[in-house]
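> What follows is a predicted structure for the sequence shown.
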Amino acid sequence: MTVIMPEQITHFSESLPQQLSQVARRWAFLEELQDTSIAEVQLVRADAPTSFHCAVYEPCLCFVIQGSKTVLLGDKEIVYTGPSYMASAVHLPVTGRIDHATPENPFLAVKVSVDPQEVAGLILELGDKAPPAGNDAICSEMDCGLKSAYMDARMQGALYRLLSLLDSPEDIKVLSPLARRELIYRALMGEMGPHMRRFAASDSQANRIAQVIYTLKEHYAQPLKIRELAATVNMSESTLYHSFRQVTRMSPLQYQKKLRLHEARRLMLAEGLEAATASYRVGYESPSHFSREYSRMFGAPPRADVSQLRGARVAALPA
């Protein structure tokens, strides 16, 4: 029988960040968000610091293996440095910047998409073994839509097992669901657990706001009707407005505007739509109003911004 001594466990734990870095660098060969052969897993690499850029986080776990990143959600700021991870409980428009990265020690991160129903199912399966959700009051500061935590050795090991499947594609279909499930389990049983459980509990205020966010995301092009939204989740208009701001750090109207602008940007970039057509598609009645708000958010008019993005994508392609 093989006996593993404590010092061997310590040595193994200390080597996990290096192992994670090696497998991530092997597959993150471009300086951009990259898809992988595991449908729910994307890799991020940067060889130098970046300026702030806009994005929409979907429900996911984001793991920083090395380097440092700043994320702005409304008026709140999170700085997370590897090895750490962040949970996004709902769709959130954010602004992010990579702070520390060099060609020798690039910024490396992994995004794992998470289905909220999968989280809820695992919580139900765990029963009273899962950490309690805590006070039902909408959480203060950043323990709302976003929360970060240290990635301990168990979580690092689970992430390594998932990424290692990229080296054995024949195992992905069977083993990747198990590896992803372990990641969610580790998050639920650790520091992130109460945060995730608040948003999964069907009778919590956090979950009601998550339902409102889902509705806004699905119907972003339609006029915003706060009274109807409040009625669908059995909340007063004032409570909805206050709770929504606590979760997203912005008002429902600001949230809808950001979703519209992000979708318009995607339509112009991916489908080649003209700015005016994209503006009407996402719910704007005035192209000039759309152009002003687009420039304010992305730092350039629609046509110039899209041209710059296309040029950056071409430059990132391997020779």
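That came through fine.
> Find the residue ranges of the stretch 201-319 of the chain scoring beneath the pLDDT cut-off.
312-319 (pLDDT under 70).
> Helices along that one, start to end?
Remark: helices assigned in the stretch 201-319 of the chain by DSSP state H, counting those that start in this stretch are 205-218, 226-232, 237-248, 252-270, 275-281, 287-298, 302-316.
> same deal with the stretch 51-200 of the chain?
Counting by DSSP H, counting those that start in this stretch, the helices of the stretch 51-200 of the chain are 116-126, 153-164, 172-189, 193-200.
> sorry, back to before: with distance to residue 111 and mean neighbour count as new columns, can the helices of the stretch 201-319 of the chain be given to me in a markdown table?
C-beta here means a position set from N, CA and C on the backbone, and glycine is covered the same way. Compiled in a markdown table, these are given as follows (distance: least, Cβ to Cβ, whole Å; neighbours: other Cβ atoms under 10 Å):
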| stretch | distance to residue 111 | mean neighbour count |
| --- | --- | --- |
| helix 205-218 | 18 | 20 |
| helix 226-232 | 29 | 14 |
| helix 237-248 | 20 | 19 |
| helix 252-270 | 16 | 19 |
| helix 275-281 | 26 | 19 |
| helix 287-298 | 21 | 16 |
| helix 302-316 | 17 | 14 |
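> And those: which comes nearest residue 105?
Proximity to residue 105 (Cβ to Cβ) singles out helix 302-316 among the helices of the stretch 201-319 of the chain, at 19.5 Å.
> contacting residues around the closest residue to residue 151 other than its chain neighbours?
What sits nearest to residue 151 in space, not counting adjacent residues and going by Cβ to Cβ, 6 or more residues apart in numbering, is residue 83, at 4.1 Å. Residue 83 sits next to 17, 20, 63, 64, 65, 66, 150, 151, 156 when contact means Cβ atoms under 8 Å, 6 or more residues apart in numbering.
> Run a quick neighbour tally on the fifth one.
One way to gauge burial is a neighbour count; for residue 65, by other Cβ atoms under 10 Å, it gives 32.
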